[in-house]
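Student: Below are the sequence and a predicted model for it; my questions follow.
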Amino acid sequence: MHWLPDLVFLDIETTGGNHTDDRITEVALIKIEGGEILTVWESLINPDMPIPRQITGLTGIADEMVREAPTFKHIAGELYSYLEGQVMVAHNVRFDYGFLKAEYKRMGGTLRQRTLCTVKLSRKLYPHVHGHSLDAIMQRFGLTTKARHRSMGDVQLMLDFLEAIKQDLGSVKVLEAISLQLKGPTLPSGVDESFLNNIQDIPGVYIFYDHTDLPLYIGKSIKLRSRVLSHFASDHVSATEMELAQKVRRIEWRETAGELGALLLESKLIKTMQPAYNRLLRKHKNFYAIQMSHQLNVLPWLKIVTLVDVDPSELEFLYGIFKTKKSAKDLIYKLVDEFQLCCKVLGMEKGKGKCFGEHVGKCTGVCVGKEKHELHHLRLKMSLAPHQLKAWPYQGKVGIKELNIETNKTELHVFEQWCYLETIDSDADLAETIQTKYRLQFDLDIYRLIGKAFSNNHNIIQFDNEQLAYI
């Protein structure tokens, strides 16, 4: 062990895989300091809940073994004394670290630890090998243990694994891989490093501010910490991101329950805060649509309208979404040719008398009474049908509920007539949200986002007389 840096090798056993609902049943560690084994420590832990039979079958830890064992709070202080200021090593360290953080959080404390993952180490050093579990590693290197799936047995396996790869690849290569993983991310020089102590890999939105506290950039991710730090990764920084990194002085982040909440919040913040580096979503663009009249005696039958001026409840009478009026007109002319439609009644030609199409045999003559208005209007409607915008499929407001089982955060996103109203996270706000009459304005980004969310989400809630009814 003389070649290793100071590390604490740790493993836990649990009642299951969810750190919110399950609990730790055993913990063991071996602390390396100055190249020597300084501490060997282990303890069974009473989880205050039954251990499932299948877990006992895997680990061998049964209810009667932990009945007289200390609970986590009784060993928390001693365990912390071994971990404080150290690098914690575990196989799939995210699992062990997640459970430990949850246990300390339940006690009102916080655990912040530098970590080293031996799964990542194996993948880094043996990228072409399939399988990096402890069982796969045991088979690959011929390692053995009498206590697989017991904490101390698995800790010893990790140490044996490091010795094996040292023999295989040499200590220099192994230490380089360890150093690379421990080096971790760096923030721009102007940003307070303490930011890294709080942000986690959870869903949410982040905001970069400059030295005058004006917003530079707003982004979203289901893994906030990783996404924020990816902006400053030296191995793939673009000219724009390098410029951005030089200007950032403060980073703010806001947690959401999931990806939908992050998308909605990002869109809202970009349009209200107008950050300099968000070009695509920064402004409400003037998009256009074709509006069809259903009154046969009122001409013209078609108008090109600006989407932001349309009542969202009338979207079903609109066809197509266009960046320019010319694009909308191009579609109308295309349909005129394909379906022998009349440019006069559609509003594409002015003046009295027959349309030009009737002169050249391309119009069926509705403009001169040769075809009934009802039939021509029906053909117009059929020609536009593939381009029709969706009608709102619900009576009034609906919500989509997002629950994050890892963070226990729940949000309800409320929509009406394809418009996003707000996100609520408490029952106290629900009645007010249902009763409030919102000013609805169409937003193309939100329309597309909601369309995808509705097609992929079954957790839709319809509000009816202030009651929730799952659809």
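Tutor: The structure has been received and is ready for your questions.
Student: CA only for contacts and neighbour counts going forward, please
Tutor: OK.
Student: Low-confidence bits of this protein, can you list those?
Tutor: The model of the chain has pLDDT under 70 over residues 184-186, 189, 233-239, 242, 280-285, 457-458, 464-471.
Student: Give me the outermost residue of it relative to its centroid.
Tutor: Computed with C-alpha atoms, centre = their mean, the residue of the chain farthest from its C-alpha average is residue 353, at 58.8 Å.
Student: for residue 11, helix, strand, or coil?
Tutor: When classified by DSSP: H, G, I helix; E, B strand; the rest coil, residue 11 comes out as strand.
Student: which residues in the stretch 301-450 of the chain form strands?
Tutor: For the stretch 301-450 of the chain, the strands defined by DSSP state E, counting those that start in this stretch cover 302-306, 318-322, 398-404, 409-416, 419-424.
Student: Hmm, the residue farthest from the centre of the chain is touching residue 365, no?
Tutor: No - counting by C-alpha atoms under 8 Å, residue 353 does not reach residue 365; the two are 10.7 Å apart.
Student: Show me the domain layout of the chain.
Tutor: 7-183, 193-273, 288-387, 398-470 (automatic domain parsing).
Student: Mind putting these into JSON lines with distance to residue 1?
Tutor: Converted to JSON lines, the domains of the chain look like this (distance: least, C-alpha to C-alpha, whole Å):
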{"stretch": "domain 7-183", "distance to residue 1": "5"}
{"stretch": "domain 193-273", "distance to residue 1": "30"}
{"stretch": "domain 288-387", "distance to residue 1": "66"}
{"stretch": "domain 398-470", "distance to residue 1": "36"}
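Student: need the contact list for the nearest residue to residue 51 once chain neighbours are set aside.
Tutor: Nearest residue to residue 51, sequence neighbours excluded (C-alpha to C-alpha, 6 or more residues apart in numbering): residue 15, at 5.4 Å. Contact partners of residue 15, counting by C-alpha atoms under 8 Å, 6 or more residues apart in numbering, are 22-25, 47, 50-52, 55.
Student: From residue 67, how far out is residue 15?
Tutor: 14 Å (C-alpha to C-alpha, to the nearest Å).
Student: can you check residue 338 too?
Tutor: Counting by C-alpha to C-alpha, the gap from residue 338 to residue 67 is 80 Å.
Student: quick one, which of those two is more surrounded?
Tutor: Between residue 338 and residue 67, counted using other C-alpha atoms under 10 Å, residue 67 has the larger neighbour count: 16 against 11.
Student: which non-adjacent residue is nearest the more buried one?
Tutor: That would be residue 46: by C-alpha to C-alpha, 6+ apart, it lies 6.0 Å from residue 67.
Student: Give the burial count for residue 212, as a bare number.
Tutor: 8.
Student: go on, the one 4 residues further on?
Tutor: Burial of residue 216 is recorded as 19 neighbouring residues (other C-alpha under 10 Å).
Student: quick check, it in a strand?
Tutor: Yes - assessed by three-state DSSP, residue 216 belongs to a strand.
Student: Now that it has come up, it's in contact with residue 209, right?
Tutor: Yes - assessed by C-alpha under 8 Å, residue 216 is found in contact with residue 209 at 5.3 Å.
Student: tell me, what's touching these two both at once?
Tutor: Between them, residue 216 and residue 209 share the contacting residues residue 248, judged by C-alpha under 8 Å, 6+ apart.
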